[in-house]
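Chemist: got a predicted model here, sequence first, then my questions.
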Amino acid sequence: MNHSVASRVRRCLLACGVAMLSGAVALPALAQSTPSAPTVTIGVQSMFGPWKKAIADKEFEKATGWNIKWRSFDSGGDVMTAMASGDVQIGVAGSSPVAAAVSRGVKVEVFWILDNINEAEALVVRNGAGIDKPQDLVGKRLAVPFVSTTHFHTLFALEHYGIAGKVKVINLQPSDMPAAWSRGDIDAAFVWDPALGKLKRDGKVLLTSGDLTKLGKATFDALVVSKDFAAKNADGMKAFTRVLEQSTADYVKAPKSWTASSQQVIKVAKQSGATPEEVPGVLALYQFPLAAEQSGKAWLGGGKDGVAARALAATAEFLKEQKKVPAVLPDYSVAINPAFVEAVGTVK
């Protein structure tokens, strides 16, 4: 390279270097690309709910911009185990598995009440098992998913009726119950739909969660989120909660329009592995609170005196008595976050 060419090259390199330092030179397109949307794993269960229509329509993805992986679980206990390991960021769980997980130090918080369970969970007994009253359960085999809301209500019922320790309580997931039922391996089960509906075909309801709630032990289903994830994704969580509000309101404001032939019921049934004919009757068994109600003391508001916090505390106390958790926290409002319902609803 001759002297003049080399000089021009040096001047060019120097000029480029100065320009790059001053920001005048455009970087390649690859370096300017924006980060991709976060991938979020959400644990769901088979129970029915209006929000499952929004899952089918991908409304959560549209609202949040997240890449969502919907992962199915058989029980809330399984969901909480996955959340404890970090595999799931948001999940569906009943008040009992939430209370158990929080008591063990899992950093999650309830941000939406999916439903007040009421009559939607029931203890059903098999025809021919000779069970007509709770005391007839003595010596029988009762199936329940351990560390679930129905497990909590099972233990409470057995204690209330004076038959604790006299019934063989078997840990069985809802999806496994119909086969065990048909084989005669179990005499009774405390579970939710769609498994409950299948067992009712050859059985009868002995007790419901509504009955036991009236005795002072309330249960509910909720959506819980990792505290760390919620803190880092507040805007996405608000958008997610807004979809929950809209989809729930669609049902609450016009429940009679949710018929077996309606598109919303067909979509809920498909998401839950049930037939459309099963859905309307089961939805009617639940109470679905909207954000305005949830943000008040009736659910997520009110600190340790709020309904949700008190229900978790009472559940944890009972689970400790049953040696299912090692200790009880002094305040379960640490597992309640009303911020997102407050952002989409007004306290009543």
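Modeler: Perfect, I can see it now.

Chemist: can you tell me the SS state at the spatially most central residue of the chain?
Modeler: Central residue of the chain (CA atoms, centre = their mean): residue 92, 1.1 Å from the mean position. Of the three states, residue 92 takes strand according to DSSP: H, G, I helix; E, B strand; the rest coil.

Chemist: quick one: contacts for it?
Modeler: Applying CB atoms under 8 Å, 6 or more residues apart in numbering to residue 92 gives the contacts 43, 44, 45, 47, 73, 76, 79, 114, 221, 222, 223, 224. No exception for glycine: its C-beta is placed from N, CA and C like everyone else's.

Chemist: do residue 55 as well
Modeler: So residue 55 contacts 44, 70, 271 (CB under 8 Å, 6+ apart).

Chemist: report the lowest-confidence entry in those.
Modeler: Ranked by pLDDT, the contacts of residue 55 bottom out at residue 271, which has 94.

Chemist: skipping its backbone neighbours, what lies nearest it in space?
Modeler: Nearest residue to residue 271, sequence neighbours excluded (CB to CB, 6 or more residues apart in numbering): residue 52, at 4.0 Å.

Chemist: of the contacts of residue 55, which belong to helices?
Modeler: If you go by DSSP state H, the contacts of residue 55 have residue 271 in helices.

Chemist: quick check: ChimeraX command selecting the buried ones in the contacts of residue 55.
Modeler: Buried members of those, defined by 16 or more other CB atoms under 10 Å, are picked up in ChimeraX with:
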select :44,271
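
Chemist: want to throw the contacts of residue 55 into a markdown table with distance to residue 310?
Modeler: Shown next, in a markdown table, are those (distance: CB to CB, whole Å):
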| residue | distance to residue 310 |
| --- | --- |
| 44 | 26 |
| 70 | 31 |
| 271 | 31 |
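
Chemist: which single one of the contacts of residue 55 is nearest to residue 151?
Modeler: Proximity of those to residue 151 (CB to CB) peaks at residue 44, which lies at 19.4 Å.

Chemist: that closest one touches residue 71, doesn't it?
Modeler: Yes - using CB atoms under 8 Å, residue 44 makes contact with residue 71 at a distance of 7.1 Å.

Chemist: for the helix or strand hosting the residue nearest to residue 271, give the mean pLDDT please.
Modeler: Assigned by DSSP states H and E, residue 52 belongs to helix 51-56. Mean pLDDT, helix 51-56: 97.

Chemist: what residues sit buried inside the next helix or strand along the chain from that helix?
Modeler: Downstream of helix 51-56, the first helix or strand assigned by DSSP H and E is helix 59-64. Neighbour-count burial for helix 59-64 flags 59, 60, 61, 63, 64 (criterion: 16+ other CB under 10 Å).

Chemist: between those residues, which sits nearest residue 230?
Modeler: Looking across the buried residues of helix 59-64 and measuring by CB to CB, the closest to residue 230 is residue 64, at 12.7 Å.

Chemist: does the residue lying closest to residue 104 once chain neighbours are set aside belong to a helix, a strand or coil?
Modeler: The shortest distance from residue 104 to any residue other than its chain neighbours is 6.4 Å, reached at residue 325 (CB to CB, 6+ apart). Recorded secondary structure, residue 325: coil (three-state DSSP).
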